[in-house]
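Asks: model this:
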Amino acid sequence: MAENYGEWAFLLGLLLAVVVGLFSTSLEENVVYVYGALLVLGFVVGLLNIKEKQVNSFLIATIALLVATTSWNVALGEVLVSLFADVGAVFTLWVNTFLVALAVFVSPAAFVVALKAVYNLATRK
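Replies: Down below sits the predicted model:
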């Protein structure tokens with residue numbers, strides 16, 4: 001049963017990240033509440049979804065995602081704004097905001113999984 005909650009939390013987190021990306025200008029001050037929900041959902045995903053045998057793969061994928069998000073924001077902004085001016089700027093805002101929301105969602109999951117991994121390593125004999 002808990003697996004279903006974790007799956008739903010993951011899907012809801014992705015959906016919220018897309019919504020933040022698409023409607024970032026409309027959300028304005030309310031984006032803080034959405035980011036809070038993404039943080040909570042990330043913790044739920046980290047607690048319920050990642051099993052011990054998946055820890056290394058998950059943490060490597062999270063590191064790659066967070067690094068790619070950072071460089072993608074810069075590269076996308078430079079290229080699209082240079083090529084397409086105003087349309088590129090709007091699209092860049094959508095994508096950048098989505099990527100930030102995705103990072104807000106994935107980071108707490110990675111934190112929880114990393115803590116579980118450290119605990120497991122420290123308590124093994």
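Asks: List the buried residues in the helix or strand of the chain with the lowest mean pLDDT.
Replies: Every helix and strand in the chain was compared by mean pLDDT, DSSP states H and E; the lowest is helix 24-27, with a mean of 76. Within helix 24-27, the residues that qualify as buried are Ser24, Leu27, counting by 16 or more other C-beta atoms under 10 Å. Every residue, glycine included, has its C-beta placed from N, CA and C.
Asks: Quick one: list the elements packing against that helix.
Replies: helix 55-123 (3 or more C-beta pairs under 8 Å, 6 or more residues apart in numbering; DSSP states H and E).
Asks: so for the helix it packs on, what's the average pLDDT?
Replies: Per-residue pLDDT over helix 55-123 has a mean of 85.
Asks: Tell me which residues of the next helix or strand after the least confident helix or strand of the chain come out buried.
Replies: The first helix or strand that comes after helix 24-27 along the chain, using DSSP states H and E, is helix 31-48. Buried positions in helix 31-48, judged by neighbour count with 16+ other C-beta under 10 Å: 31, 34-35, 37-39, 41-48.
Asks: would JSON lines of those residues with distance to Tyr5 be doable?
Replies: Shown next, in JSON lines, are the buried residues of helix 31-48 (distance: C-beta to C-beta, whole Å):
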{"residue": "Val31", "distance to Tyr5": "25"}
{"residue": "Val34", "distance to Tyr5": "20"}
{"residue": "Tyr35", "distance to Tyr5": "21"}
{"residue": "Ala37", "distance to Tyr5": "15"}
{"residue": "Leu38", "distance to Tyr5": "16"}
{"residue": "Leu39", "distance to Tyr5": "16"}
{"residue": "Leu41", "distance to Tyr5": "10"}
{"residue": "Gly42", "distance to Tyr5": "14"}
{"residue": "Phe43", "distance to Tyr5": "12"}
{"residue": "Val44", "distance to Tyr5": "7"}
{"residue": "Val45", "distance to Tyr5": "10"}
{"residue": "Gly46", "distance to Tyr5": "13"}
{"residue": "Leu47", "distance to Tyr5": "10"}
{"residue": "Leu48", "distance to Tyr5": "6"}
